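Visitor: I need the structure of the sequence given here:
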Amino acid sequence: MSNNSTSYGRWTMKSSMNVFRGGRRVAAGAIVVVLAAALASCDIATKPLGVLTTDSFFSTPDQAIQATNATYSQLRDWTVHVFSWLGLTDIISDDATKGSVPGDAQFLGDLDNLVLDPGNLAFGDPWSGYYKGIFRANVAIQGISGSSIDATLKARLVGENKFLRAYYYFFLVRGWGGVPLITAPLKPGEFTQPRATKAAVYAQIEQDLTEAIAALPRKDQYPAADLGRATSGAAQAMLAEVELFQGKYEEAFQAANAVITSNQYSLFPNYETLFTQAGENSSESVFEVEAAAVAGGNNGPGGVAAQYAEVQGVRGTPNLGWGFNTPSPELEDSYEPGDPRLEATILYPWELLPDGSGLVVYLNPSMPNNRYNQKVFVSPSNPGGSGNAGVNIRRIRYADVLLVGAEAAARTNRAQALTWLNLVRQRARGGHNITLGTNVETLANSIAGVLGMSASSSRVLVRFVAANDPAYTAGLRSFVASCTGSCPSTLPPPIQVTNADIITAIDGTPVTTLAQYYAALDTKAPGVPVVVSFDRFTQPTPTTVTTTSMTATVNAQLLLPPVAAAGQALLDAIWAERRAELGMEQHRWFDIIREGRAQAAMAAAGKTFVVGKMELFPIPSGEVAIAGLAQNPGY
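Guide: Residues are numbered from 1 along each chain as shown. Predicted coordinates for the structure are as follows:
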């Protein structure tokens with residue numbers, strides 16, 4: 001593991017408060033709240049830490065804001081959006097594998113293998129963390145509602161807490177079905193709560209979101225200092241997804257349509273840049289969990305950084321994290337030919353880091369799966385490394401809203417289904433319309449040096465070719481490389497290239513850069529044969545390099561062509577688009593269950609999904625024993 005392995009333990013809740021400044025949350029100091037009641041059945045521990053009480057605390061606007069910020073702060077907690085949560089959203093699905101080295105955090109390996117045991121802490125940690133968030137929301141709602149602060153501010157803060165309470169419950173109800181439904185701080189004698197029905201939990205979520213929509217400002221009505229707070233659009237977007245998960249397609253369409261027609265959001269022009277700091281809180285942002293890197297690092301309880309990026313970062317050289325939650329071969333193979341989102345989602349061995357540093361990811365021979373989530377990339381130059389990452393956790397993007405709306409429209413036979421789906425595909429093309437079915441990238445100079453390439457040689461490396469497509473068998477292959485020993489920090493690394501194809505010309509026009517490659521393709525028409533010239537580099541031994549000049553004739557094809565399907569074919573296209581667009585953003589598991597495709601999807605990944613059981617997680621064994629909660633079927 002890493003030096004952070006002690007993070008496996010649970011954090012007891014502390015009442016650290018945070019305020020928003022310049023679009024980021026920063027620690028507000030030593031103000032604490034006495035949270036007198038505890039949710040014993042939900043493993044929430046509280047204790048008096050200061051002199052203020054819940055009766056006296058909510059007497060000023062600042063105190064009400066600080067209490068609300070405490071509810072937001074829980075979103076960055078280890079138990080809410082980090083280790084186990086990644087296990088229950090990505091690793092458990094066919095989009096990702098456990099990652100890291102064999103034997104490390106085997107409780108996540110059990111999820112990867114669909115071994116679902118109630119005693120696995122992957123179930124207990126999020127259960128605890130999400131109920132802590134609910135507890136904070138309940139305290140804030142009750143205290144702020146009874147305060148004498150300005151009525152407009154009061155309504156907004158209560159709305160924010162109701163939005164967050166709905167967010168916490170939405171994860172719980174999708175994961176476990178009916179759960180204890182608690183909407184106010186509990187009093188002695190009330191700590192043991194029964195499970196509510198799934199319908200009752202969803203009804204509370206709908207009520208909270210409906211009231212939040214009415215109370216919250218639009219995105220453009222918040223000042224810059226409050227960037228990141230819940231908006232009416234975020235509540236409307238979450239409500240659309242909540243309705244979709246219940247099969248209420250008319251209601252889902254209306255909610256999504258309200259967001260889409262609000263003129264508050266638009267797709268960010270560049271998909272890859274979207275997941276850098278430049279894309280945070282952009283036109284596409286509907287709701288993000290805000291994080292900030294601070295001097296000295298601060299990702300503990302109440303901190304403003306989060307370990308979300310650290311646990312998924314490159315394990316090895318450069319050392320960017322722990323190497324968990326690695327994109328699966330099944331996700332890689334699911335992309336349409338040439339889809340640029342593949343390269344923007346998966347960070348490969350020997351690939352240039354996306355920060356312009358010129359460094360490459362070394363293949364780590366200790367890891368079975370050398371792929372990483374590029375959407376959480378943190379530069380090695382970041383102070384404190386990935387453990388002090390200011391990577392926002394993107395929870396609702398406008399593209400997601402468009403696809404939720406597209407599915408609801410398809411279910412209700414509306415034309416917007418194709419319109420909204422194709423808007424997402426259009427952005428994904430990145431301004432290009434033609435592909436040869438390949439994904440290309442710039443070869444790192446350090447690798448070029450190992451291959452003996454001159455400074456003027458082409459750097460257009462073929463990384464990925466559509467799997468099992470007979471049109472691309474004439475020499476265009478994926479880049480395969482292996483270490484000949486442990487990879488040191490010095491460059492060039494000791495690699496042995498099995499196969500590296502570098503494109504040198506398109507129909508006789510020389511290309512040496514990606515810009516030239518795309519410019520040459522942009523002049524082609526679909527279906528026209530294109531002669532691709534490339535050099536194949538191989539290393540039969542670490543010190544021997546051979547170069548063979550080759551050509552392949554490949555028919556040009558439309559890149560991500562517009563969809564014109566109907567009926568089930570349209571639904572299938574929308575579902576495929578969700579996977580490509582939202583890959584490694586923690587949506588896949590709940591999506592395939594909602595779509596009724598979990599058994600088939602997991603079988604294709606070599607895993608057995610038990611229908612009638614695995615649609616829900618097991619209730620954590622501690623909750624069954626202590627609170628007497630009924631276990632879910634099959635566990």
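Visitor: give me the neighbour count for the closest residue to residue 512 other than its chain neighbours.
Guide: Nearest residue to residue 512, sequence neighbours excluded (CB to CB, 6 or more residues apart in numbering): residue 458, at 4.5 Å. For the C-beta atoms, the positions are set from N, CA and C on the backbone; glycine is no exception. By other CB atoms under 10 Å, 23 other residues sit near residue 458.
Visitor: who are the contact partners of residue 570?
Guide: Counting by CB atoms under 8 Å, 6 or more residues apart in numbering, residue 570 touches 410, 417-418, 421, 563.
Visitor: may I see the residues you listed arranged in CSV, with distance to residue 256, neighbour count and pLDDT as well?
Guide: Shown next, in CSV, are those (distance: CB to CB, whole Å; neighbours: other CB atoms under 10 Å; pLDDT from 0 to 100):
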residue, distance to residue 256, neighbour count, pLDDT
410, 12, 25, 98
417, 11, 26, 98
418, 15, 20, 98
421, 12, 26, 98
563, 18, 20, 98
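Visitor: list just the nearest of the residues you listed to residue 91.
Guide: Checking the contacts of residue 570 against residue 91 with CB to CB, the nearest one is residue 421 at 28.0 Å.
Visitor: once you drop chain neighbours, what's closest to the closest one?
Guide: In space, residue 421 comes closest to residue 406 once its chain neighbours are excluded; the distance is 4.4 Å by CB to CB, 6+ apart.
Visitor: just checking, the one you found touches residue 574?
Guide: Yes. Residue 406 lies in contact with residue 574 (CB atoms under 8 Å); the separation is 5.2 Å.
Visitor: tell me which of those two has more neighbours.
Guide: A count of neighbours by other CB under 10 Å puts residue 406 above the other of residue 406 and residue 574, at 30 against 27.
Visitor: hmm, who's touching the strand or helix carrying residue 409?
Guide: Using DSSP states H and E, residue 409 maps to helix 398-411. Helix 398-411 is contacted from outside by 237, 240-241, 243-244, 249-250, 252-253, 256-257, 259-260, 265-267, 283-286, 415-418, 420-421, 423-424, 427, 570-571, 574-575, 577-578, 581-582, 587, using CB under 8 Å, 6+ apart.
Visitor: mind doing that once more with 6 Å?
Guide: Applying CB atoms under 6 Å, 6 or more residues apart in numbering, the contact partners of helix 398-411 are 237, 240-241, 244, 249, 252-253, 256, 259-260, 265, 284, 286, 416-417, 420-421, 423-424, 570-571, 574, 578, 581.
Visitor: any idea which helix or strand comes after the helix or strand containing residue 250?
Guide: Using DSSP H and E, the element containing residue 250 is helix 249-260. As assigned by DSSP H and E, the chain's next helix or strand after helix 249-260 is helix 271-274.
Visitor: which other helices and strands contact that next one?
Guide: Judged by 3 or more CB pairs under 6 Å, 6 or more residues apart in numbering; DSSP states H and E, helix 271-274 is in contact with helix 340-345.
Visitor: give me that answer again for 10 Å
Guide: Packing partners of helix 271-274 (3 or more CB pairs under 10 Å, 6 or more residues apart in numbering; DSSP states H and E): helix 340-345, helix 416-428.
Visitor: need the pLDDT of the residue nearest to residue 421.
Guide: Looking at residue 406, its pLDDT stands at 98.
Visitor: the stretch 401-550 of the chain: helices as residue ranges?
Guide: 416-428, 445-450, 514-522 (DSSP state H, counting those that start in this stretch).
Visitor: which of the ones you listed has the lowest average pLDDT?
Guide: helix 445-450 (a mean of 85).
Visitor: for residue 210, give its distance to residue 354.
Guide: 40 Å (CB to CB, to the nearest Å).
Visitor: which stretches of the stretch 451-600 of the chain have low pLDDT?
Guide: Scanning the stretch 451-600 of the chain for pLDDT under 70 picks out 466-495.
Visitor: what about the nearest residue to residue 67 once chain neighbours are set aside, how many neighbours?
Guide: Ranked by CB to CB, 6+ apart and with sequence neighbours excluded, the top spatial neighbour of residue 67 is residue 140, at 4.3 Å. Under the neighbour criterion other CB under 10 Å, residue 140 is assigned a count of 30.
Visitor: surely residue 140 touches residue 164?
Guide: Yes. Assessed by CB atoms under 10 Å, residue 140 is found in contact with residue 164 at 8.8 Å.
Visitor: what touches both of those two?
Guide: Counting by CB atoms under 10 Å, 6 or more residues apart in numbering, the contacts common to residue 140 and residue 164 are 68, 71.
Visitor: ok, residue 546 - how many residues close by?
Guide: 9.
Visitor: check residue 247 too.
Guide: 10.
Visitor: and the pLDDT at it?
Guide: At residue 247, pLDDT is 98.
Visitor: check the gap between the residue nearest to residue 421 and residue 317 for me.
Guide: From residue 406 across to residue 317, the span is 42 Å (CB to CB).
Visitor: with residue 507 instead?
Guide: The value you get for residue 507 to residue 317, if CB to CB is used, is 39 Å.
Visitor: pLDDT weak spots in the stretch 151-300 of the chain?
Guide: Along the stretch 151-300 of the chain, the model assigns pLDDT under 70 to residues 296-300.
Visitor: what's the first helix or strand after the host helix or strand of the residue nearest to residue 67?
Guide: Using DSSP H and E, residue 140 maps to helix 121-145. Next along the chain after helix 121-145, taking DSSP H and E as the criterion, comes helix 151-176.
Visitor: which other helices and strands contact the next helix or strand along the chain from that following helix?
Guide: With elements assigned by DSSP H and E, the helix or strand that comes after helix 151-176 is helix 198-215. Secondary-structure packing of helix 198-215 (3+ CB pairs under 10 Å, 6+ apart): helix 151-176, helix 232-245, helix 249-260.
Visitor: tell me, how many neighbours does the residue lying closest to residue 314 once chain neighbours are set aside end up with?
Guide: Distance criterion CB to CB, 6+ apart; nearest residue to residue 314, sequence neighbours excluded, is residue 320 at 4.0 Å. Look at residue 320: counted by other CB under 10 Å, it has 27 neighbours.
Visitor: do the same with the one 10 residues further on
Guide: Residue crowding around residue 330 was assessed by other CB under 10 Å; the count is 18.
Visitor: doesn't it belong to a helix?
Guide: Yes. Membership of residue 330 in a helix is supported by DSSP: H, G, I helix; E, B strand; the rest coil.
Visitor: dump the contacts of residue 570 into a markdown table; add distance to residue 499 as well.
Guide: Below are the contacts of residue 570 laid out as a markdown table (distance: CB to CB, whole Å):
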| residue | distance to residue 499 |
| --- | --- |
| 410 | 42 |
| 417 | 42 |
| 418 | 40 |
| 421 | 36 |
| 563 | 34 |
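Visitor: just the closest of the residues you listed to residue 271, please.
Guide: Nearest to residue 271 among the contacts of residue 570: residue 421, at 15.7 Å, using CB to CB.
Visitor: thought residue 517 was touching residue 506?
Guide: Yes. Using CB under 10 Å, residue 517 is in contact with residue 506, at 6.8 Å.
Visitor: re the thing from before, looking at residue 507 and residue 317, which is more packed in?
Guide: residue 317 (21 against 15).
Visitor: excluding chain neighbours, what is closest to the more buried one?
Guide: Leaving aside its chain neighbours, residue 317 sits nearest to residue 362 (4.1 Å; criterion: CB to CB, 6+ apart).
Visitor: ok, now how distant is that neighbour from residue 446?
Guide: On the measure of CB to CB, residue 362 and residue 446 end up 10 Å apart.
Visitor: which of those two has more neighbours?
Guide: residue 362 (24 against 17).
Visitor: before we move on, which element is that one in?
Guide: Assigned by DSSP H and E, residue 362 falls outside every helix and strand.
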